[in-house]
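Enquirer: Everything below, folded, please.
(one chain, ligands or ions: 1)
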Amino acid sequence: MKKAFVTKEMIAEITKTYPTPFHIYDEKGIRENAKALKEAFAWNKGYKEFFAVKATPNPFLIDILREYGCGCDCSSLTELMLSEAVGVKGEDIMFSSNDTPAQEYAYAAKLGAIINLDDITHIDFLEKTIGYIPKTISCRFNPGGYFAIANSIMDNPGDAKYGFTTEQMFEGFRILKEKGAEHFGIHAFLASNTVTNEYYPTLAKSLFELAVKLQEETGAHIRFINLSGGIGIPYRPEDAPNDIRLIGEGVRKAYEEILVPAGMDDVAIYTELGRFMMGPYGHLVTTAIHEKHTHKEYIGVDACAVNLMRPAMYGAYHHITVLGKEKEPCEYKYDITGSLCENNDKFAIDRMLPKVEMGDYLVIHDTGAHGYAMGYNYNGKLKSAELLLKEDGSVALIRRAETPKDYFATFDGYDIYSRINF
Ligand SMILES: *Cc1c(COP(=O)(O)O)cnc(C)c1O
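Expert: Residues are numbered from 1 along each chain as shown. From the prediction side, this is the model:
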């Protein structure tokens with residue numbers, strides 16, 4: 001059973017100050033999970049998690065992760081700026097970008113970030129842009145084909161735009177070495193949202209084997225292997241959560257079987273988790289404002305897809321709890337809709353829930369990563385606030401809600417407010 005980390009009473013109190021909809025994050029959950037991740041990889045001396053900033057780009061939340069030694073994984077100018085602002089600099093930044101504008105490479109280099117190249121042609125592009133090849137450099141690997149664990153297909157890297165082919169990895173390392181690179185990283189992200197303890201160990205095994213060959217054939221010193229993101233979370237109540245301790249242990253086993261005998265026992269393991277770090281520790285809280293009985297039963301809420309795009313974009317399942325009705329049987333079938341003029345603006349379709357009454361608070365679970373962050377402004381809808389439920393039970397506003405002024409702010413020279421009677 002999935003349980004919300006807030007109660008109806010708490011939300012009734014919070015909404016006196018902050019009206020719905022809003023995202024709320026659970027500090028206690030974030031901390032416990034970050035600690036467990038750190039412990040799971042404590043066997044590796046150089047281990048570091050670079051939090052994938054794109055998942056939840058909020059400085060207050062990144063500040064919490066920093067206490068557990070996390071750096072930042074960035075792939076855009078503003079993500080780099082955010083990292084610099086929270087004091088994450090130098091090699092605590094992994095710049096895992098693709099289709100990268102020159103300005104962004106220049107800024108990443110200025111910050112001393114580790115640059116993770118997405119393509120062999122980016123070697124020249126980077127050198128032309130910043131005038132040199134950094135001493136530490138990483139290349140993103142894409143073996144093509146399907147990524148499978150025990151004959152079950154997890155994802156389709158052959159169809160993904162990212163990374164170097166196997167041959168390009170060897171050629172790229174040689175070229176980079178000639179151009180002065182001294183320490184190398186290998187990065188790969190081959191399957192997304194995996195709900196299995198086998199993904200990282202399977203990926204690690206193939207990257208470790210590649211690392212041994214690359215070191216042998218090119219003489220390059222492999223300093224780190226970046227397993228990137230991809231550890232999933234149990235969005236559905238029937239999903240078993242990943243066990244990070246077992247995952248860390250599986251990677252350790254592969255490390256000892258492959259890297260240690262090759263004399264590569266100084267290789268650091270890096271991760272770039274986003275979803276796993278934050279996903280379960282965010283809720284989108286919304287109020288039921290309309291009920292509609294037509295060809296189906298609809299509950300209209302005050303949030304919409306601009307607050308959480310995953311259901312509309314991917315048909316993703318997000319569990320819903322009707323606060324105060326946790327113990328009631330789920331005997332009513334609803335579509336839970338937002339207000340966009342888009343028929344895919346539905347948080348749930350044919351979802352069995354307790355009877356929903358107007359004014360009920362609905363918690364949409366697992367919005368802590370790729371939730372607020374993917375928001376947009378279609379239909380002129382405004383982005384919500386983000387709140388932090390602190391360990392002591394108090395609530396802090398960590399991003400205010402947008403106002404119409406924010407929405408109109410980029411019409412330089414056209415003052416909307418002087419022309420209306422709002
Ligand atoms: C999105 C992304 C991540 C994080 O992925 P999760 O599924 O949130 O763990 C890590 N690295 C890169 C390069 C990414 O694009």
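Enquirer: for residue 351, helix, strand, or coil?
Expert: Secondary structure for residue 351, judged by DSSP: H, G, I helix; E, B strand; the rest coil, is strand.
Enquirer: Which strand residues bridge it?
Expert: residue 334 (DSSP bridges).
Enquirer: One more: residue 184?
Expert: Beta bridges link residue 184 to residue 137, residue 222, judged by DSSP bridges.
Enquirer: Show the contacting residues for it.
Expert: By CB atoms under 8 Å, 6 or more residues apart in numbering, the contact list for residue 184 reads 136, 137, 138, 139, 173, 176, 214, 220, 221, 222, 223. Backbone N, C-alpha and C define where each C-beta goes, glycine included.
Enquirer: at 10 Å instead, please
Expert: If a contact means CB atoms under 10 Å, 6 or more residues apart in numbering, then residue 184 has 136-139, 169, 172-173, 176-177, 211, 214-215, 218, 220-225 as its contacts.
Enquirer: got it, and residue 9?
Expert: Counting by CB under 10 Å, 6+ apart, residue 9 has contacts 323, 324.
Enquirer: per-residue pLDDT, it?
Expert: At residue 9, the model reports a pLDDT of 98.
Enquirer: What parts of the protein come near the ligand?
Expert: 52, 54-55, 73, 96, 189, 192-193, 228-230, 272-276, 369 (CB under 6 Å from any ligand atom).
Enquirer: State the three-state secondary structure for the residue of the stretch 301-422 of the chain at minimum distance from the ligand.
Expert: Nearest to the ligand, among the residues of the stretch 301-422 of the chain, is residue 369, at 5.4 Å (CB to the nearest ligand atom). With three-state DSSP as the basis, residue 369 sits in coil.
Enquirer: my guess is it meets residue 58, correct?
Expert: No. Between residue 369 and residue 58 there is no contact under CB atoms under 10 Å: 11.0 Å.
Enquirer: which stretches of the stretch 151-300 of the chain form strands?
Expert: 152-155, 183-187, 221-226, 268-271, 282-293, 297-301 (DSSP state E, counting those that start in this stretch).
Enquirer: from the chain's centre, how far out does the second one sit?
Expert: It stands for strand 183-187. Between the centre of strand 183-187 and the centre of its chain there are 22 Å (CA atoms, centre = their mean, to the nearest Å).
Enquirer: Please identify the buried residues of that strand?
Expert: For strand 183-187, burial by neighbour count (16 or more other CB atoms under 10 Å) applies to 184, 185, 186, 187.
Enquirer: Now flag whichever of those residues is closest to residue 37.
Expert: For the buried residues of strand 183-187, the minimum distance to residue 37 (CB to CB) is 18.1 Å, reached by residue 187.
Enquirer: First-to-last residue distance for stretch 92-110?
Expert: Distance between the boundary residues of stretch 92-110 (CA to CA, to the nearest Å) amounts to 13 Å.
Enquirer: Break the protein down into its structural domains.
Expert: 8-22+281-408, 27-279 (automatic domain parsing).
Enquirer: The last one: end-to-end distance?
Expert: What it means is domain 27-279. End-to-end distance for domain 27-279: 12 Å, by CA to CA.
Enquirer: quick one: it to chain centroid distance?
Expert: 13 Å.
Enquirer: thought residue 49 was touching residue 248?
Expert: No. Using CB under 10 Å, residue 49 is not in contact with residue 248, being 11.4 Å away.
Enquirer: Give me the common contacts of those two.
Expert: Residues touching both residue 49 and residue 248 by CB under 10 Å, 6+ apart: 37, 38, 41, 269, 271.
Enquirer: Can you show me the helices along the stretch 1-150 of the chain?
Expert: 8-14, 27-40, 59-66, 77-85, 102-111, 122-130 (DSSP state H, counting those that start in this stretch).
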